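Asks: Predicted model follows, preceded by the sequence.
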Amino acid sequence: MNFKNKVMTVYEYLKIDSESIPNWLLEIKKGDLFPHQDFFASRIVYYPGSYTDGHAVKVFGSTHSAHCFIYVDYHFHQDELEKELEENPFNGYVNLFKIQLSESDLLSNTWAPNILWKQYEHRYQSIDKKATFSFLQILERESHLTDKHGPQRLAIIFLLADGISTYDALFCQKKSLENPFAVLIHDHGFGGNYDKFGGNGLLNRIAELQRAIPKYLLVAENTNAWSTHEKLDLLESDPGGMHQTPRFLYLRKQGVIL
């Protein structure tokens, strides 16, 4: 089928770039250890400042273009988050089980920051380190639904942390396995972040410095995209987030060095 000059939805486009569900995700069961190598070798959608917005899962999960997600936010509280997931689960999915994670589960080696963070400390939103947590939630599709709704399973890491430094720690180190498949960026005027996620922000600069450039960006209407990506103009926007802000899909430019 020829898609040239055809206006498409984000969903129609991403279905062309679908993948099979990773074997490890089909086989993982309650009581297993966190499969670090398998998870980080998978296609990952990274969402800084996510809270519990399901838009990343809706866009990339329903199209089978990615099965693994990392949600990072300052404002997570595990008991509140677990209650939210129980009362408002991702559409069409049940919470199968979770694996509590430690810092050593996520980092295969010592994190060596690529930016001097002290210059941002005066704007850094403090976090109670004793409350810091992360866990991997395995979701399973409801039994009456089919692949048309989404894959049989999804994997989401929820992490109470800074979205910028976490990206550095997970994807910008010498032993990092893969670049993220996609990053959802949405800069909020009063979101409490000490620097923006969008174009020319610290997240963008670290990613370019370490060549940890995702294939896709999903960019909110009020946020600047990274210069490494170009907007897919023939795609319709898709609304997401608390205020249903239009978001647009961007593709990594040809010739960007990885």
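Replies: Structure's in. What do you need?

Asks: tell me the contacts of residue 43?
Replies: Residues near residue 43 by C-beta atoms under 8 Å, 6 or more residues apart in numbering: 19, 65-68, 181. Backbone N, C-alpha and C define where each C-beta goes, glycine included.

Asks: at 7 Å instead, please
Replies: When contacts are counted by C-beta atoms under 7 Å, 6 or more residues apart in numbering, residue 43 touches 19, 66-68, 181.

Asks: per-residue confidence at residue 37?
Replies: Model confidence at residue 37, given as pLDDT, is 94.

Asks: for residue 100, that is, sorry about that
Replies: For residue 100, pLDDT reads 95.

Asks: mind listing what the helix or strand that contains it pairs with, with the direction of each?
Replies: Assigned by DSSP states H and E, residue 100 belongs to strand 93-101. Pairing partners of strand 93-101, with direction, according to DSSP bridges: strand 134-141 (antiparallel).

Asks: buried stuff in the partner strand?
Replies: 134-139, 141 (16 or more other C-beta atoms under 10 Å).

Asks: Among those residues, which one sits closest to residue 7?
Replies: Closest approach to residue 7 among the buried residues of strand 134-141 (C-beta to C-beta): residue 141, at 29.7 Å.

Asks: which ones are touching the closest one?
Replies: Counting by C-beta under 7 Å, 6+ apart, the residues that residue 141 touches are 92-93, 149-152.

Asks: now the residues you listed: which count as buried?
Replies: Buried, going by 16+ other C-beta under 10 Å: 93, 150-151, out of the contacts of residue 141.

Asks: Just the CA atoms of stretch 166-176, as CSV, please.
Replies: Extracted as CSV, the C-alpha positions of stretch 166-176 are listed here (Å, rounded to 0.1, in the frame of the first residue of the first chain):
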residue,chain,number,x,y,z
THR,A,166,17.2,9.2,35.1
TYR,A,167,17.5,9.4,31.3
ASP,A,168,21.2,10.0,31.7
ALA,A,169,21.6,7.1,34.1
LEU,A,170,19.7,4.6,32.1
PHE,A,171,20.5,5.4,28.5
CYS,A,172,23.6,7.6,28.4
GLN,A,173,26.2,5.5,30.1
LYS,A,174,29.0,3.5,28.4
LYS,A,175,27.2,0.2,29.2
SER,A,176,23.7,1.3,28.3
